[in-house]
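# Got a sequence here, can you model it:
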Amino acid sequence: MQIQDDFDELVKRAARGDRRAVGSIAIAFGPMILGEARVVLGEYANEDVDVLQDFLLFLIDARSFFHPGHGRAIPWMCRIVHAIAETRRTRNEWRADRGR
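Prediction:
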């Protein structure tokens, strides 16, 4: 339980723009984030690194605060990554459809 609480605190700091916390998340969870992005991106899975970068910038820019009282950090991160990847996939599909 203490490990989860500590990680929640790390994500809370990262979501407020703490660059060291963001770096720690990138190192520890980069592969998980890339995997999550690939699943959502489907045929556009080659853009997984872009999704990771967008997520890290999302944290650095403090676009949304993480509140541990609303749930744990990993599901919160997954929801954000999923939304970023889904937006990117939808945009690519729209572009592909317009090109036809």
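
# ok, the most centrally placed residue in the chain - contacts?
The chain has residue 81 as the residue nearest its centroid, 3.3 Å off, counting by CA atoms, centre = their mean. Each residue near residue 81 by CB atoms under 8 Å, 6 or more residues apart in numbering is listed here: 33, 36, 37, 40, 51, 52, 55. In this view, the C-beta of every residue, glycine as well, is placed from N, C-alpha and C.

# Check it and give its pLDDT.
With respect to pLDDT, residue 81 scores 96.

# Just give the number of residues close to residue 27.
By the criterion of other CB atoms under 10 Å, residue 27 has 9 neighbours.

# Can you tell me how far it is from residue 4?
Distance check for residue 27 against residue 4: by CB to CB, to the nearest Å, it reads 18 Å.

# what's around residue 42, how many residues?
Number of residues near residue 42 (other CB under 10 Å) recorded here: 11.

# which SS state does it fall under?
Three-state assignment for residue 42 (DSSP: H, G, I helix; E, B strand; the rest coil): helix.

# doesn't residue 90 make contact with it?
No - Residue 42 is not in contact with residue 90 according to CB atoms under 8 Å; the separation is 10.8 Å.

# what are the ranges of the helices in the protein?
Along the chain, counting by DSSP state H, helices occupy 2-14, 19-41, 48-60, 73-98.

# other SSEs contacting the second one?
Using 3 or more CB pairs under 8 Å, 6 or more residues apart in numbering; DSSP states H and E as the contact criterion, the neighbours of helix 19-41 among helices and strands are helix 2-14, helix 48-60, helix 73-98.

# possible to save these as JSON lines with distance to residue 67?
Formatted as JSON lines, the helices and strands packed on helix 19-41 follow (distance: least, CB to CB, whole Å):
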{"stretch": "helix 2-14", "distance to residue 67": "8"}
{"stretch": "helix 48-60", "distance to residue 67": "14"}
{"stretch": "helix 73-98", "distance to residue 67": "9"}
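
# Burial-wise, tell me which of those helices comes out on top.
helix 48-60 (a mean of 19; mean count of other CB atoms under 10 Å).

# which residues touch residue 51?
Residue 51 neighbours (CB under 8 Å, 6+ apart): 33, 34, 37, 40, 41, 81, 84, 85, 88.

# Thank you kindly, that will do.
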